[in-house]
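**Q** Structure for this input, please:
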Amino acid sequence: MAELKDQDGQKLSVVIMTFNEAANIDRCIAALSDLADDLLVVDSFSTDDTVAIAQSLGARILHHPFKSFTDQRRFCIENAHYDLVLALDADEWLSDEIVMEIRQIKENRRLDCYLLNRLNSIGGQWLYHGGWHPDWKLRLFDRRKVVCAGTPPHDSIDPTSGTSVGKLRGKLFHESDQNIESRIHTVDRYSTTAARHLYESGKKTNLIRLLLKPFFRFLSEYVFQLGFLDGFYGFVVAKTSAQYVFLREAKLWELQRK
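**A** Sure thing, here's the model as predicted:
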């Protein structure tokens with residue numbers, strides 16, 4: 001795999017998307033330590049101290065208007081200095097184990113892309129079951145071997161045909177929501193985006209979907225995927241996941257009626 005041995009192959013660009021992430025960006029960047037050879041923060045015009053904090057920590061700043069998570073991720077990757085890229089969100093940070101693994105990869109990279117297992121939290125509690133774990137995300141990659149895709153509101157980084165993909169052992173920590181209130185706001189915002197995308201794509205819903213899909217989402221996450229083992233917040237996540245599905249279908253139905 002000679003293509004992995006080019007002059008930039010062992011240097012790493014870390015790219016981070018931000019908008020009003022002053023409370024999180026310090027933690028995200030601090031976990032990178034001396035890992036990044038190029039640290040890029042793409043900010044969609046924050047109104048807090050996100051940019052100032054990132055600059056004080058040595059980040060290179062680019063401003064780009066937010067159109068979608070997929071568009072913003074693509075812009076980040078395209079503007080990285082090096083082909084080996086680690087893509088993060090500001091509310092994510094690396095475990096010590098993953099830092100060590102990435103250092104080893106920089107010294108001797110054998111694969112094109114690597115999946116990171118994201119460990120999510122809500123209300124300060126880590127969730128090890130349900131629909132949120134395991135949560136494999138392709139975040140470390142040769143940018144020549146991936147495409148940015150996804151279905152709004154979510155984005156994904158997908159390997160192209162013939163790309164070699166491995167998994168890292170450590171965790172990518174993610175503070176998904178600080179509390180139930182922020183979770184509810186996220187569900188409402190994301191369900192609106194998802195419903196609009198479905199409507200614009202010509203998709204339709206009906207009463208059966210509206211009634212049954214939320215029920216089966218809750219049953220799947222809380223029972224079959226053992227969300228109940230995460231206690232109170234396991235129930236909260238399963239319930240709000242079902243609520244997301246209900247709101248998505250209800251908002252789609254409303255758009256159809258109009």
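**Q** all contacts plus neighbour counts: C-alpha atoms, from now on.
**A** Fine.
**Q** contacting residues around the residue nearest to residue 48 when sequence neighbours are not counted?
**A** Once flanking residues are discounted, residue 48 sits nearest to residue 20: 5.5 Å by Cα to Cα, 6 or more residues apart in numbering. Contacts for residue 20 (Cα atoms under 8 Å, 6 or more residues apart in numbering) come out as 46, 47, 48, 49, 50.
**Q** what helix or strand is residue 20 on?
**A** When elements are assigned from DSSP states H and E, residue 20 belongs to no helix and no strand.
**Q** Check which helices and strands the biggest helix by length in the chain sits against.
**A** Of all the segments of type helix in the chain, defined by DSSP state H, the longest one is helix 231-257. Here helix 231-257 touches helix 180-200, helix 207-219, going by 3 or more Cα pairs under 8 Å, 6 or more residues apart in numbering; DSSP states H and E.
**Q** Taking helix 231-257 as reference, get the angle to the longest one.
**A** Computed by axes from the mean of the first three to the mean of the last three Cα atoms, to 10 degrees, the angle separating helix 180-200 from helix 231-257 equals 30 degrees.
**Q** and stretch 117-136, how far out from the chain's middle?
**A** Its chain's average C-alpha position is 12 Å from that of stretch 117-136, according to Cα atoms, centre = their mean, to the nearest Å.
**Q** Dump it to PDB, restricted to CA.
**A** Provided in PDB are the C-alpha atoms of stretch 117-136 (Å, rounded to 0.1, in the frame of the first residue of the first chain):
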ATOM      1  CA  ASN A 117     -16.500   3.700  19.300                       C
ATOM      2  CA  ARG A 118     -18.300   6.700  20.600                       C
ATOM      3  CA  LEU A 119     -19.400   6.600  24.300                       C
ATOM      4  CA  ASN A 120     -22.300   9.000  24.800                       C
ATOM      5  CA  SER A 121     -23.500  10.700  28.000                       C
ATOM      6  CA  ILE A 122     -26.600  12.500  29.100                       C
ATOM      7  CA  GLY A 123     -26.900  14.300  32.500                       C
ATOM      8  CA  GLY A 124     -23.300  13.300  33.200                       C
ATOM      9  CA  GLN A 125     -24.100   9.600  33.000                       C
ATOM     10  CA  TRP A 126     -22.400   7.300  30.400                       C
ATOM     11  CA  LEU A 127     -24.700   5.000  28.500                       C
ATOM     12  CA  TYR A 128     -23.400   1.500  27.700                       C
ATOM     13  CA  HIS A 129     -26.600   0.000  26.200                       C
ATOM     14  CA  GLY A 130     -29.600   0.900  24.200                       C
ATOM     15  CA  GLY A 131     -29.500   2.700  20.900                       C
ATOM     16  CA  TRP A 132     -26.500   4.700  21.800                       C
ATOM     17  CA  HIS A 133     -23.900   2.000  22.400                       C
ATOM     18  CA  PRO A 134     -21.900   0.700  20.600                       C
ATOM     19  CA  ASP A 135     -21.800   3.700  18.400                       C
ATOM     20  CA  TRP A 136     -19.100   3.200  15.800                       C
END
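**Q** which parts of that stretch are buried?
**A** Of all the residues in stretch 117-136, those buried under the rule 16 or more other Cα atoms under 10 Å are 117-122, 125-133, 135-136.
**Q** and these, which of them are in strands?
**A** 117, 118, 119, 120, 121, 122, 125, 126, 136 (DSSP state E).
**Q** From those residues, pick the one nearest residue 104.
**A** Nearest to residue 104 out of those is residue 117 (Cα to Cα; 17.7 Å).
**Q** check contacts around that closest one.
**A** By Cα under 8 Å, 6+ apart, the contact list for residue 117 reads 134, 135, 136, 137, 168, 169, 170, 171, 172.
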